[in-house]
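Engineer: Curious how this folds, go ahead:
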Amino acid sequence: MAVVAPRIPDPRAEGSRLAYRDPTYAEIEGFRPLLLDLFVPAGAPDPVPPPVWIHGGPWLG
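Structural biologist: Okay, the predicted model is just below:
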C-alpha cells in the first residue's frame with residue numbers, strides 16, 4: 001500500500017492574497033536561511049498583523 005502525502009491547500013484558492021514572499025524569519029548557523037510566505041485574507045486592509053504561534057513545549061535556548 002502506497003503512502004500518499006496530504007495535499008497542501010493553496011491559500012489563493014481560499015480567498016487569500018500573498019502579502020510577503022520569502023522574508024527571512026530565522027538564520028541558523030550552518031543551515032540555509034528559513035523563509036516564509038505569508039498569505040492574508042483577500043479583503044483585509046494593509047497592514048495586516050502577523051499571526052503569532054506560541055509553542056507549548058520546553059524552550060532549549
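Engineer: which stretches of the protein have low pLDDT?
Structural biologist: Across the chain, the ranges flagged by pLDDT under 70 are 1, 5-9, 11-13, 55, 59-61.
Engineer: where do the strands sit along it?
Structural biologist: Applying DSSP state E to the chain gives strands spanning 16-26, 34-41.
Engineer: Can you name the residues in contact with the last one?
Structural biologist: The contact list for strand 34-41 (C-beta atoms under 8 Å, 6 or more residues apart in numbering) reads 11-12, 15-28, 48, 50. No exception for glycine: its C-beta is placed from N, CA and C like everyone else's.
Engineer: Give me the buried positions along it.
Structural biologist: 38-40 (16 or more other C-beta atoms under 10 Å).
Engineer: Identify the residues contacting Arg17.
Structural biologist: Going by C-beta under 8 Å, 6+ apart, Arg17 touches 39-42.
Engineer: swap the cut-off to 10 Å and go again
Structural biologist: 11, 39-44, 48 (C-beta atoms under 10 Å, 6 or more residues apart in numbering).
Engineer: Please identify which of the buried residues of strand 34-41 is nearest to Ala2.
Structural biologist: The nearest member of the buried residues of strand 34-41 to Ala2, counting by C-beta to C-beta, is Phe39 at 30.3 Å.
Engineer: Give me the distance between that closest one and Ala19.
Structural biologist: Phe39 sits at a distance of 7 Å from Ala19 (criterion: C-beta to C-beta, to the nearest Å).
Engineer: Quick check: neighbours shared by the two?
Structural biologist: Joint contacts of Phe39 and Ala19 (C-beta under 10 Å, 6+ apart) are Val48.
Engineer: Can you pull the phi and psi angles for Ala44?
Structural biologist: Backbone torsions of Ala44, given as degrees, to the nearest 10, read phi -70, psi 140.
Engineer: neighbours around it, how many?
Structural biologist: 12 (other C-beta atoms under 10 Å).
Engineer: Quick one: residues contacting it.
Structural biologist: Contacts of Ala44 (C-beta under 10 Å, 6+ apart): 16-17, 19.
Engineer: Kindly provide the distance from it to Leu38.
Structural biologist: 12 Å.
Engineer: Quick check: the gap between Leu18 and Leu36.
Structural biologist: Leu18 is 11 Å from Leu36, where distance means C-beta to C-beta.
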